[in-house]
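In: Sequence plus predicted model, see below.
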Amino acid sequence: MSCRRSTTKVTGGFDFSKGSFVVLLLAVSFLVVSTSTLRVLAQDDATIVFDRRSNLFRSEGECLATDSRNATEEDNLVPMEYTIFNEDGSEEKGMTLVYKRPHISTYYNSTDTSMQAVKPKFVGFAGKFFNLSPWTVELVWDGGPAHQVPMSIVGPFQAHGMGTFPRHKFFFRKHGKRGDVPTQLDEIVKRFVADPDDPLNFYDAVADGHVDLEELSSKERELYYGQLTNLDFTKKYKEFTGSEWLAMFPKARPTKKMWRADYFGQHHSVVTNETQFISPPPSHLLSKISYNQMKASDVLNERIRSLDAYRQTGLLTLNLTVLSCAPRVFEIKNFLSKYEASHLLEFTDGLAESSVAGGSQKMTKIRTSQNTWVTRTSSPIVDAVYRRAADLLQIDEALLRFRGDDDRDISNTIGTHASVAEKLQLVHYENGQEYTAHHDFSYPNSDNDWQPARFATLLLYLNEGMEGGETSFPRWMNAETSARMDVVPEIGKAVLFYSTLPDGNNDDLSQHAAQPVKRGEKWLTNLWVWDPVMNA
């Protein structure tokens, strides 16, 4: 039985209340010395001192995808029954915890249950398209005979999703062959019309009479019944929570910390020793860093402290302010110093036209910016930005880089030496350029037990003063306005938001946009952190 499936049960494990948290801390502290100690201050909570690495481990070396560590931190995780359909016709019943959004009044720290959420002006949503057939198909946006745009290739018994709008039309057509057997290419097998009340679209070749169940191989039957289980779960989830299930069931809850967003204006603070660089070090001290050959002790001891003369003294306090509760969006002012922002702008070589992940190359109007990529090892200053981001997210900085054998306590737990964070994406918007509303999460293959996806996005603004260029969340839940929520760029400001809900589902409300720049230019960089691992 896979880690992912076993985790959907409501089982034991560590209770992360204050008492058992200390027990866990002591139990794992012998494994490694922390790279730094943080003091984490949450409004209405006592100060907690913790080892960043300690929150990565569970008893008896259990899989990181276990069900899961945020239960005691979330008030809105409730048990729901599910059914697994097996190939032999048998069924398995179980319970899992799912996330039910609280009443809108709680976002205002109010008990007025007459308060109602305002329907947003923006009508877009995430549509998901399931190919329950043994054939590879192509998903095509259908704007009429002269405007048919291929969107993606969807493998047998897999699914793909994207942002769409009501009444947009799509179809599946056969693409390639089934095993060694050619198929009739371009044969349209299913048509869809996007519906916000029913955004999950299924092509079931068995139910539609296009293939007999007995014709499927053992592996195909396994995948088919897995999707039937997912389909049944999506129906129950929608009835129980009121939200669409956009992930693939079963899926474990997040293994990483999620900051709570209980009400607008709520504050959290992190005090870190990853202070800001406030003046430029000499160029000979800004050489690239290599973690590939370092031992853990080298990383812990080196700490790039030779550059302390160019950094703020003492400690740095990062204050998170809740801008939105659904989706969870936080503002962190002065995350970067002005010098650090200017340093990141030194890596603009290689700027190229930005692309849309998983989309058609013809969809150029969706994203019109330019971008390039900056590795953590590019300089000690970029490395410090990653370390500070790890402190903000309350995860071990070692997860955000390559880890050698001395870090195998972590690498063995997640099954890879690789980072769970992407390179920094450095993005430039000129006058008139934009990125229309989109999601950062993806749709991994159904048979991937980890179900990895982008978990958190950290936006870092590198300039200000442009007209337009706001980061907008057009579907944020509130009781006052149907307008989008806009975040205005300021040098050094960070915006953190989660693409995942506390139960592991993709958060449809995390749809966001970069508004068109009307005058001037806009520079930013973003860090994507995955959970539990990153797709290669």
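Out: Structure received. Numbers count the residues shown, from 1 in each chain.

In: in what helix or strand does R388 lie?
Out: helix 380-393 (DSSP states H and E).

In: which strands and helices sit next to that helix?
Out: Applying 3 or more C-beta pairs under 8 Å, 6 or more residues apart in numbering; DSSP states H and E, one finds that helix 380-393 contacts strand 267-272, strand 316-324, helix 338-344, strand 453-461, strand 494-498, strand 522-531. In this view, the C-beta of every residue, glycine as well, is placed from N, C-alpha and C.

In: Show residues contacting the third one.
Out: Taking contacts as C-beta atoms under 8 Å, 6 or more residues apart in numbering, the residues outside helix 338-344 that touch it are 276-280, 336, 374, 379, 381-382, 384-385, 424, 426, 460-463, 491-492, 525.

In: what's the next secondary structure element after it?
Out: strand 352-353.

In: Check which helices and strands the helix or strand just after that next one sits against.
Out: Next in sequence after strand 352-353, counting helices and strands by DSSP H and E, comes strand 370-374. In terms of contacts (3+ C-beta pairs under 8 Å, 6+ apart), strand 370-374 is packed against strand 352-353, strand 424-429.

In: Give me whichever of those is most buried.
Out: Across the helices and strands packed on strand 370-374, averaging neighbours per residue (mean count of other C-beta atoms under 10 Å) puts strand 424-429 on top, at a mean of 22.

In: for that strand, the distance to its chain's centre please.
Out: On the basis of C-alpha atoms, centre = their mean, to the nearest Å, strand 424-429 is displaced by 18 Å from the centre of the chain it belongs to.

In: Parallel or antiparallel, which strands does that strand pair with?
Out: strand 370-374 (antiparallel), strand 522-531 (antiparallel) (DSSP bridges).

In: and the angle from the helix holding R388 to strand 522-531?
Out: Taking axes from the mean of the first three to the mean of the last three C-alpha atoms, to 10 degrees, one finds helix 380-393 and strand 522-531 inclined to each other by 60 degrees.

In: downstream neighbour of helix 380-393 in the secondary structure list?
Out: Next along the chain from helix 380-393, counting by DSSP H and E, comes helix 408-414.

In: which parts of that following helix are buried?
Out: If you call a residue buried by 16 or more other C-beta atoms under 10 Å, then helix 408-414 has these buried ones: D409, I410, S411, T413, I414.

In: and the gap between the fourth one and E87?
Out: The one in question is T413. Counting by C-beta to C-beta, to the nearest Å, the gap from T413 to E87 is 31 Å.

In: Find the nearest non-adjacent residue to F122, please.
Out: Once flanking residues are discounted, F122 sits nearest to P474: 3.5 Å by C-beta to C-beta, 6 or more residues apart in numbering.

In: ok, that neighbour - contacts?
Out: For P474, the contacting residues are P120, K121, F122, G124, A437, R484, M485, Q511, H512, A513, by C-beta under 8 Å, 6+ apart.

In: how about the nearest residue to the last one once chain neighbours are set aside, what does it touch?
Out: Okay, so that is A513. Leaving aside its sequence neighbours, A513 sits nearest to A437 (C-beta to C-beta, 6+ apart; 4.2 Å). By C-beta under 8 Å, 6+ apart, the contact list for A437 reads F122, G124, G163, S472, P474, Q511, H512, A513.

In: and the last one, how many residues sit next to it?
Out: Same thing as A513. Neighbourhood size, A513 [other C-beta atoms under 10 Å]: 21.

In: okay but it is in contact with T471, surely?
Out: Yes - using C-beta atoms under 8 Å, A513 is in contact with T471, at 7.5 Å.

In: Contacts only, for the spatially most central residue of the chain.
Out: Against the mean C-alpha coordinate of the chain, by C-alpha atoms, centre = their mean, the closest residue is F455 at 2.1 Å. Going by C-beta under 8 Å, 6+ apart, F455 touches P254, K256, Y498, S499, T500, V529, W530, D531.

In: and what of D503?
Out: For D503, the contact set (C-beta under 8 Å, 6+ apart) comprises L77, T96, L97, V98, Y99, R253.

In: Enumerate the beta-bridge partners assigned to the third one.
Out: On the basis of DSSP bridges, L97 is bridged to P79.

In: ok, so what distance separates it from P79?
Out: In this view, L97 and P79 are 6 Å apart by C-beta to C-beta.

In: Neighbour count for those two, which is higher?
Out: More crowded of L97 and P79, by other C-beta under 10 Å: L97, with 21 against 11.

In: Wait, that one touches E81, no?
Out: No - counting by C-beta under 8 Å, L97 does not reach E81; the two are 11.5 Å apart.

In: quick one: low-confidence ranges for this protein?
Out: Across the chain, the ranges flagged by pLDDT under 70 are 1-73, 177, 179-184, 293-306, 356-365, 536.

In: can we see that at 50?
Out: 1-72, 304, 359-362 (pLDDT under 50).

In: if you go through it in chain order, where are the helices?
Out: Listed in chain order, the helices of the chain (DSSP state H) span 3-6, 18-28, 218-241, 296-302, 338-344, 380-393, 408-414.

In: Please spell out which residues along the third one are buried.
Out: Okay, so that is helix 218-241. Using 16+ other C-beta under 10 Å as the burial criterion, the residues of helix 218-241 that qualify are 220-221, 223-234, 236-237, 241.
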